[in-house]
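> Quick one: sequence plus predicted model below, questions after.
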2 protein chains.
Amino acid sequence: MGCAPLGHVLFDEFLRFNPKNPAWFDRDRFVLSAGHGCMIQYALLHLAGYNGVKMDDLKTFRQWRSRTPGHPENFETPGVEVTTGPLGQGFANAVGLALAEKHLASRFNKTDMKVVDHYTYVILGDGCQMEGVSNEAASLAGHWGLGKLIAFYDDNHISIDGNTDIAFTEDVLARYEALGWHTIWVKNGNTGYDDIRTAINEAKGVKDKPTLIKVTTTIGFGSPNKANTYSVHGNALGSKEVEATRSNLGWFHEPFHVPDEVKRHWSRHIDEGASLEAEWNARFVEYEKKYNQEAAELKSIISGELASGWENALRNYTPEMSPDATRNLSQQCLNALAKVIPGFLGGSSDLATSNMTLLKKFGDFQRDTPEERNIRFGVREHAMGAISNGIAVHSPGLIPYCATFFVFTDYMRASIRLSALSESGVIFVMTHDSVGLGEDGPTHQPVEHLFSLRAMPNILMLRPADGNETSGAYKIAVLNRKRPSVIALSRQKLPQLRGTSVDAVSKGGYIVSDDSSGNKPDFILIGTGSELEIAENAAGELRKKGRTVRVVSLVCWELFEEQPEEYKESVLPSEVTSRISIEAGVTFGWEKYIGQKGKAIGIDRFGASAPAGKIYKELGLTVEHVIAAAEAL
Amino acid sequence: MGCAPLGHVLFDEFLRFNPKNPAWFDRDRFVLSAGHGCMIQYALLHLAGYNGVKMDDLKTFRQWRSRTPGHPENFETPGVEVTTGPLGQGFANAVGLALAEKHLASRFNKTDMKVVDHYTYVILGDGCQMEGVSNEAASLAGHWGLGKLIAFYDDNHISIDGNTDIAFTEDVLARYEALGWHTIWVKNGNTGYDDIRTAINEAKGVKDKPTLIKVTTTIGFGSPNKANTYSVHGNALGSKEVEATRSNLGWFHEPFHVPDEVKRHWSRHIDEGASLEAEWNARFVEYEKKYNQEAAELKSIISGELASGWENALRNYTPEMSPDATRNLSQQCLNALAKVIPGFLGGSSDLATSNMTLLKKFGDFQRDTPEERNIRFGVREHAMGAISNGIAVHSPGLIPYCATFFVFTDYMRASIRLSALSESGVIFVMTHDSVGLGEDGPTHQPVEHLFSLRAMPNILMLRPADGNETSGAYKIAVLNRKRPSVIALSRQKLPQLRGTSVDAVSKGGYIVSDDSSGNKPDFILIGTGSELEIAENAAGELRKKGRTVRVVSLVCWELFEEQPEEYKESVLPSEVTSRISIEAGVTFGWEKYIGQKGKAIGIDRFGASAPAGKIYKELGLTVEHVIAAAEAL
């Protein structure tokens, strides 16, 4: 990062934070989007007095279990807001943080009292600017008029492959203006401290637009031989060049030595931060007296504590109730949860009416109605995911959901992974979850997506079969605040099955029906989602033929794996090897549960454009096929 | 699609094509990026005389096995250049097509004779414009000055969620100007045929920049009650409104009836196309006489036929040779292949010096040096994938490769999937393929990516262990022209193993070493990539203890699955259930090969920032752990 002065000015003069309570609610948020300048961030956190970043931590940069990993990780280092490194993500996270601020400010601030009032700052580099996700996020930030978002573009014109002019010659400021941003150019970012201060103040004056401040810098500034070359991007200077740089900059202290005057100067943040928080706390006491209801909601958002009994809002279903698409049942859950959880909000990437994600009680979050909770992301899945991550890490009680067609998790996979890695409990609402969507054809039909997400650490992949399991999936998703959930939902109608239940979902896998005794059925049929119905129907036919059959729903593999061995054995007894799985996706991975002797029925190819029933029939996802497979075992 | 007139003008007046030979090399390329107006495309293909699109095909729109699927698929319908539907992809494909044209034109055209000279046209909608991938691709197209790329932006201000102003209020033309494009606005796209013609001619006049023509249209134009509403986006009009629309537009023919005068008018394309191709063929005969060497290369690019013995360029390795990172060995392959394959070209998303992808014999493909073969994609993985797909479908002999860190396949997964679906044999060169990359930490360490790609249909996931397997992986990748390959490569050095071979890779899995007899070793250790070395070393230790051990390399699961049962049984005899797999990634999925009694050693969590050796040790990817696991079986 060439813009150490910028980090310095920001941390030392502009950021409102409390080093002794990095989680203080109304702090300014600071995101280092590229992540590569993280050593400067760690050093600033240390200087500012964050307990978790000691000098010894700085000395163990990039070592096993250190608090100073090679890219900033929110779960490792106090004061790091979001995990960054993959380019463009942090910038989009910052848009989410700024959205959260604008939303909460407009919901909770009163003309006589402000309880939400902070800026979001983000530093991004050339790499972030090139990534599509940053353009998506910038377009939304401009559309929403996020006036308290201030982005610094570290324009050092060097990326890993050398001078950026080999691949990046666009006019960045003109692009941001086209996206509705205010722009400023600081031409000397190396030493122009006053220019940086002036620019930040100008940006704060522009209240209806986000601001991009292009700060032209020299990468490796101060290094006599390596400044302005790509060799400083990812590599250390080397001891000789370090010496030359120190000499050039007139810095003659020992490594890792902080002179007393610097310590003194920075230590003031400890008291200042404490008094900022104390002031806010005092104000909130007043607020609570005057605005009791709002204060209760805001406290829930700040703490993440939900009103007891919130889960009762989720409905139970009985087999007599009408068949319905799980995407519709999902909408009932979303609306029910938004009523009882004050920080529940979200939206879709231009598929609200297909994903069924509109909250009926609320209007659209827009530039002039930011208190509303339906977010319109446009066709920008990737930014949607990253913005949702930003919302989630803003406050423990903000529970964002975001939606698209399941197949388009491919567009946002990088942000889904960061949600999992950075423990941001976003709810990913993914409808049209199989070839069951029919005519749109293979480009729109997920077949490998269940497995590609089951393979990802720290994320729950839920595929409910009916109303009970959909309610159960949402209950799990809300409870898992440190682990995101992907809920795969059908476009087509599904019956309310006998034997499913809301609570059973928490075990990940369970027995839906069984006519055997002694934990030893002739067959175990395992289904998920829309195919659980087929398993049930096939079981019915097999039972008519005198066979004992157990039907198991494996709605969430991760949760099932976490159950005690006895429970797993009670559901899938090792003795019973005649097992058949049915799922409208690739069969790869099912060996885990069906064993070497079982049979997996699925779709080991891309889908096709045709009516859904026809596709199911042609691809063998039928009761007849399950029966034939059982009889052939 | 509101812009039927645009499609009409393009097909009828501007496109150079030959309906009787849709694959004619020097045709103009036409891409319908959004894919939703595909019925119009099918109708135009039919009118223009493409054999594969009969009236009966139009009547089976979106039916099982029809040639008129719900989104255009290049493998279903003659005349459809690329598979589109997922938004933004087709636009980026078009950039790849235009890149291919510019590259080939500059390599092969002579001052006295042009043999490559066509335009690339693409229609994209609001949705495509919102997607980040289109901004990435547009930035590159502007940077490269692709003057023969003409994009039409169907500005109908309606997307699935209604009026685009709920999420999309940027100034699109200003953004494209910032990206280095020429822009034109046709304000009446509904009936302004002349304006469209004028705009296309103006665009053709601008030779140093791509052109974006914004064509403002009314969605559902002509429908008295549904025009300009989102209900026409994905839904049929309904019979009553169809009647009203027909009446409104004064079209009183039966459904699916083409009046004779229309037939006559359009049928001229059959002769015209044939004569365009004949002219070109005659020119090429002259060209071949004068420029024999170039003609041979171009013929290879047009036909996809490679010079015999091309695979001999790939090196064999022996255990005495130095250990090396497979990313370095990969660079040797890339350079060797570029010498013998005239259509071999590619690059990296700003990681050329890390991915080791530079072709030393060639310079950079740039605006003024388009004859060169190193493509600098900048940090734009998603567009890189989609552009590479476009290059691949331009001509059978163009073999593009593209590179980034393996973990960032997440950024480009949508385009990798389309490569697989549309049978575009791109080579995805993915280095830094595990926690072995070390200090950059979990954001940069793929753990679930092998499985997430093994789950995808029609793609080869190759993870070579050393020089021989790297050469073998490239041989396979080049041979598979209808199936893309992902080659996962190490950052760290690996030894040249005894028992590996270039040819064995074609079987996907094979025995690397075995000291048993009778196809019945005590243990089978299965490894891939960098962990095959660990398997070999563990086998050595176990053999010292008197156990018989077989080591199997499973370099490509897909290819192994395609082998005859006897071969598979000969490598992994069912009788031997004491199996251990070792791979630096999630263990999920290994049940397939190790069975219920085996043990999978891997990483079922995210990685960490630390030196690579330390991570391997802490996570148990060690010889000691394999031995202990074997002894515990």
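Cool, the structure landed.
> residue ranges of the helices in the stretch 451-600 of chain A, please?
Shown for the stretch 451-600 of chain A, the helices assigned by DSSP state H, counting those that start in this stretch span residues A:467-479, A:532-544, A:557-561, A:565-571, A:591-594.
> Let me see the contact set for A:L345.
Counting by C-beta atoms under 8 Å, 6 or more residues apart in numbering or on different chains, A:L345 touches A:103, A:338, A:359, A:362, A:365, A:373-375, A:391, A:398-401. C-beta: built from backbone N, CA, C; applies to glycine.
> Pipe the residues you listed into CSV and attach secondary structure per row.
Converted to CSV, the contacts of A:L345 look like this (DSSP: H, G, I helix; E, B strand; the rest coil):
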residue, secondary structure
A:H103, helix
A:A338, helix
A:L359, coil
A:F362, coil
A:F365, strand
A:R373, coil
A:N374, strand
A:I375, strand
A:I391, helix
A:L398, coil
A:I399, strand
A:P400, strand
A:Y401, strand
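> secondary structure class for A:N225?
With three-state DSSP as the criterion, A:N225 reads coil.
> Let me know the pLDDT of it.
Looking at A:N225, its pLDDT is 90.
> which residues sit in contact with the closest residue to it other than its chain neighbours?
The spatially closest residue to A:N225, leaving aside those adjacent along the chain, is A:E241, at 6.0 Å (C-beta to C-beta, 6 or more residues apart in numbering or on different chains). Counting by C-beta under 8 Å, 6+ apart, A:E241 touches A:223-226.
> Scan those and report the most crowded one.
With neighbours taken as other C-beta atoms under 10 Å in any protein chain shown, the top of these is A:S223, carrying 22 neighbours.
> Not counting residues beside it along the chain, what's closest to that one?
Nearest one to A:S223, counting by C-beta to C-beta, 6+ apart, is A:T245 at 4.4 Å.
> Just give me how far the strand or helix carrying A:A244 sits from the chain centre.
According to DSSP states H and E, A:A244 maps onto helix A:239-249. Chain-centre distance of helix A:239-249: 41 Å, with C-alpha atoms, centre = their mean, to the nearest Å.
> Could you list every helix and strand in contact with the helix or strand just after it?
Once helix A:239-249 ends, the next helix or strand along the chain (criterion: DSSP H and E) is helix A:260-290. Judged by 3 or more C-beta pairs under 8 Å, 6 or more residues apart in numbering or on different chains; DSSP states H and E, the packing partners of helix A:260-290 are helix A:38-48, helix A:292-303.
> try 7 Å this time
helix A:38-48 (3 or more C-beta pairs under 7 Å, 6 or more residues apart in numbering or on different chains; DSSP states H and E).
> centre of the chain versus the helix it packs on, how much separation?
Distance of helix A:38-48 from its chain centroid, counting by C-alpha atoms, centre = their mean, is 25 Å.
> What is that helix packed up against?
Secondary-structure packing of helix A:38-48 (3+ C-beta pairs under 7 Å, 6+ apart): helix A:4-9, helix A:55-59, helix A:260-290.
> and with 6 Å instead?
Using 3 or more C-beta pairs under 6 Å, 6 or more residues apart in numbering or on different chains; DSSP states H and E, the elements in contact with helix A:38-48 are helix A:4-9, helix A:260-290.
> Now that helix: buried residues?
Using 16 or more other C-beta atoms under 10 Å in any protein chain shown as the test for burial, helix A:38-48 gives A:38, A:40-48.
> Please apply the same query to stretch A:508-528.
For stretch A:508-528, using 16+ other C-beta under 10 Å, the buried residues are A:508-514, A:516, A:521-528.
> What's the end-to-end length of it?
Stretch A:508-528 has an end-to-end distance of 11 Å (C-alpha to C-alpha, to the nearest Å).
> Around A:R283, how many other residues sit close by?
14.
> now the one 3 residues further on
Counted by other C-beta under 10 Å, the residues lying close to A:E286 total 13.
> give me every residue that touches the closest residue to A:A105 other than its chain neighbours.
Distances taken as C-beta to C-beta, 6+ apart put A:V116 closest to A:A105, at 4.1 Å, once the chain neighbours are dropped. For A:V116, the contacting residues are A:104-105, A:108-109, by C-beta atoms under 6 Å, 6 or more residues apart in numbering or on different chains.
> helix/strand/coil for A:V116?
Looking at A:V116 with three-state DSSP, the answer is coil.
> Show me what from the stretch 151-300 of chain A comes close to chain B.
Contact residues, the stretch 151-300 of chain A versus chain B (C-beta under 6 Å from any C-beta of the partner chain): A:159-161, A:166-171, A:174-175, A:178-179.
> Of those residues, grab the buried ones for PyMOL.
Here is the PyMOL selection string for the buried members of those, based on 16+ other C-beta under 10 Å:
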select buried, chain A and resi 159+160+161+166+167+168+169+170+175+178+179
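> Looking at the residues of the stretch 151-300 of chain A next to chain B, which are in helices?
Residues of those located in helices (DSSP state H): A:174-175, A:178.
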